[in-house]
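Engineer: just to be clear, the model below is a prediction. Sequence and coordinates:
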Amino acid sequence: MADMAWEVKCREEDMKQRALENERRAIDDARRSVDEKAQQLKAVAHQSALIGGFTMVALVEMPIPSNLNSAQLIIFGGTASSVIGLMLLAMLNATFMLVAILKYDCVNRDVKFSDFWRKRCESDW
């Protein structure tokens, strides 16, 4: 009889420990998912800032010949300006999404991170 009580007690402790380990794994999985998306968003933001910066430098530093057609100059200026604006928009969008996902609570997960991402960020991504 004592062996049976001991086995039941050990089994209950084992189940508590397994539940604790499963919770830790779930927290680690959520943190990994957040870190993965954060790295992707940082890469997009850095790349768009880099492209926008290079376009700005090209716009400012490019020697413009005096016999250039004004229509070509307007097209060049408009294209370069739109690239800079769009890259700035992409960088800001990625940065704002990064702020949103870094506020995700990995410990007290009210919703799974995949659901959080799908509802709040997927359409912007």
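Structural biologist: Nice, I can see it.

Engineer: which residue ranges of this structure form helices?
Structural biologist: 2-61, 70-102, 113-120 (DSSP state H).

Engineer: residues of the worst-scoring helix or strand of the chain on mean pLDDT that come out buried?
Structural biologist: Ranking every helix and strand in the chain by mean pLDDT, DSSP states H and E puts helix 113-120 at the bottom, with a mean of 80. Residues of helix 113-120 classed as buried: Phe113, Phe116, Trp117 (neighbour count, 16 or more other Cβ atoms under 10 Å). For every residue, glycine as well, the C-beta is placed using N, CA and C.

Engineer: residues contacting the last one?
Structural biologist: Yep, that's Trp117 we're talking about. Ser33, Lys37, Ile101 (Cβ atoms under 8 Å, 6 or more residues apart in numbering).

Engineer: check Leu102 and give its pLDDT.
Structural biologist: Among the per-residue scores, Leu102 holds a pLDDT of 82.

Engineer: okay, it and Leu92: tell me how far apart.
Structural biologist: According to Cβ to Cβ, to the nearest Å, Leu102 stands 16 Å off from Leu92.

Engineer: and what of Gly77?
Structural biologist: 22 Å.

Engineer: likewise Ala30?
Structural biologist: Distance from Ala30 to Leu92, by Cβ to Cβ: 26 Å.

Engineer: what does Ala49 give?
Structural biologist: On the measure of Cβ to Cβ, Ala49 and Leu92 end up 10 Å apart.
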